[in-house]
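Asks: Dropping a prediction and its sequence here:
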Amino acid sequence: MRLVRSYFSEGVNGRLEVDGKLLCYTIELPWRDNKPRVSCIPEGKYELRKRYSRRFGWHIEVMGVKDRNYILIHTANNAEKELAGCIAPVLRISGSGIGLDSRKAFDKVVAVVYGQIDRNVRVYLIVES
């Protein structure tokens, strides 16, 4: 999976692609020097894994982020109000760090990622601008 980002002072918008084809869009917090809970993560390559929590149910964890932990891919439509350094898939972008239909987009991402993991295939997220 490839996440191609556009950076804005209010938030980060991205295109999540699989094999060069658009899967959905993403929203994140702005870049704030990789500070926990207030910044998007650095660009790089990260392994994805299944994770369960009472708060989010089944979701995806982004592994190996330098100086960070519990970076998740979960539902949210407003980065500043609903994210703490995580990534939220959305079907449409409606502003910087703001999107629509996160649940539908999240379900698409989970289907792809879990489908691969269930076949014992390692899944990586490549984050770039």
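Replies: Arrived safely. Numbers count the residues shown, from 1 in each chain.

Asks: Which strand in this structure has the most residues?
Replies: Using DSSP state E, we find that the single longest strand of the chain is strand 44-53.

Asks: what packs against it?
Replies: Counting contacts by 3 or more C-beta pairs under 8 Å, 6 or more residues apart in numbering; DSSP states H and E, strand 44-53 packs against strand 57-62, strand 71-73, helix 102-117, strand 123-128. From N, CA and C alone the C-beta is placed, and that goes for glycine too.

Asks: Out of these, flag the one nearest Y25.
Replies: Y25 lies closest, by C-beta to C-beta, to one member of the helices and strands packed on strand 44-53: helix 102-117, at 7.2 Å.

Asks: could you give the mean pLDDT of the closest one?
Replies: The pLDDT scores in helix 102-117 average 98.

Asks: Show me which positions of that helix end up buried.
Replies: Residues 102, 105-106, 109-110, 112-113, 116 are the ones in helix 102-117 that count as buried (16 or more other C-beta atoms under 10 Å).

Asks: by how many degrees do it and strand 57-62 diverge?
Replies: Here helix 102-117 runs at an angle of 70 degrees relative to strand 57-62 (axes from the mean of the first three to the mean of the last three C-alpha atoms, to 10 degrees).
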